[in-house]
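1. fold the following, please.
(one chain, ligands or ions: 1)
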Amino acid sequence: MQSPPKLSFEELTLRNFSPHTFASVTHHLYQTTLSLIDEFMTMLDHWTFERRSHSYRVAHLALAIGKEMELSHRELFVLGVGSLLHDIGKMRIPREILVKPGKLTEEEWSVMRKHPDLGADILKRFPSLAFARDIVHQHQERWDGNGYPQKLKGEEIVLGARIFAVADSFDAMTNQRSYNQVVNGPEAVREIVRQSGILYDPQVIRHFRKMGDPMVWEHRFRGGEENFLPTIFPLEGFVGLFSEPVPEEGPPAF
Ligand SMILES: [Fe+2]
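-> From the prediction side, this is the model:
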């Protein structure tokens with residue numbers, strides 16, 4: 001018996017995709033990507049014992065700074081997803097290092113410092129999330145070039161990662177993580193402003209300061225996880241990612 005002719009991917013999809021099928025496949029892919037982000041975050045929580053609420057708070061604050069800077073919808077979209085997934089590379093760090101009580105040895109630190117590279121590697125495997133890869137890869141870089149893993153400096157770091165750094169530090173200072181000393185919002189802002197031009201981009205800090213007293217806005221970024229994902233990952237934004245020719249590794253990060 002003769003085997004049926006093998007169709008290329010293009011032939012197969014063009015032949016079978018009515019507009020209705022196309023819409024349904026897109027929706028399927030969108031829902032799958034949302035669930036993937038959610039599941040990634042759940043797995044990361046279990047692996048690191050960190051609270052996912054931290055990622056949500058940081059993403060909320062990063063977006064608020066981004067809006068203050070009048071970023072486009074697309075830039076906000078990339079910033080939101082990148083902020084949520086920033087530490088995804090920790091999934092590949094041995095657990096005994098992640099949850100070790102007390103100080104890490106220098107060798108353990110060198111393993112820990114691989115998590116941005118590992119995170120970028122993970123996202124590379126998921127084309128519908130690859131747009132957030134630069135933020136994940138660069139989230140531990142510092143404005144003065146003393147961060148890691150690439151020791152990028154100043155504007156060599158994508159804007160999204162520079163904004164993320166400010167939001168993440170604010171959250172780390174104002175919430176109990178492992179051994180940090182918790183300070184109140186205004187003190188955290190003062191400390192962050194002191195590090196402008198050292199740890200943080202002065203342009204981002206200028207806009208961060210314009211947000212005013214954290215006592216007023218801080219509470220807005222707590223809770224509300226249930227409806228947050230579709231808000232920062234809207235269907236229109238997702239479809240927009242594919243509405244123009246994209247380079248092999250996904251749309252450019254900003
Ligand atoms: Fe990190």
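
2. how about the helices of the chain, start to end?
-> 9-16, 19-48, 52-68, 73-84, 95-98, 106-112, 115-124, 133-138, 159-174, 185-194, 202-210, 214-217, 228-232, 235-241 (DSSP state H).

3. next up, the contacts around D201.
-> W143, G154, E155, I157, L159, R162, I163, A165, V166 (C-beta atoms under 8 Å, 6 or more residues apart in numbering). From N, CA and C alone the C-beta is placed, and that goes for glycine too.

4. how about a cut-off of 6 Å?
-> W143, R162 (C-beta atoms under 6 Å, 6 or more residues apart in numbering).

5. what pLDDT does the model give it?
-> Note for D201: predicted pLDDT of 98.

6. now tell me what touches stretch 38-49 from outside.
-> By C-beta under 6 Å, 6+ apart, the surrounding residues in contact with stretch 38-49 are R52, I88, K90, M91, L98, V99.

7. these, buried ones only, as a PyMOL selection?
-> In PyMOL, this line selects whichever of those come out buried by 16 or more other C-beta atoms under 10 Å:
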select buried, resi 52+88+90+91+98
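
8. right, and the helices of the chain - which one's nearest P149?
-> When the helices of the chain are compared by C-beta to C-beta, helix 115-124 sits nearest P149, at 5.2 Å.

9. out of the contacts of stretch 38-49, which comes closest to V78?
-> I88 (14.9 Å).

10. hmm, G119 and the closest one touching each other?
-> Yes - counting by C-beta atoms under 6 Å, I88 does reach G119; the two are 4.5 Å apart.

11. coming back round to it: which of the contacts of stretch 38-49 sits closest to I232?
-> Among the contacts of stretch 38-49, and counting by C-beta to C-beta, the member closest to I232 is R52, at 13.9 Å.

12. pipe the contacts of stretch 38-49 into CSV and attach pLDDT per row.
-> Shown next, in CSV, are those (pLDDT from 0 to 100):
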residue, pLDDT
R52, 73
I88, 94
K90, 94
M91, 94
L98, 89
V99, 87
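
13. biggest separation within the contacts of stretch 38-49, which pair?
-> I88 and V99 (17.0 Å).
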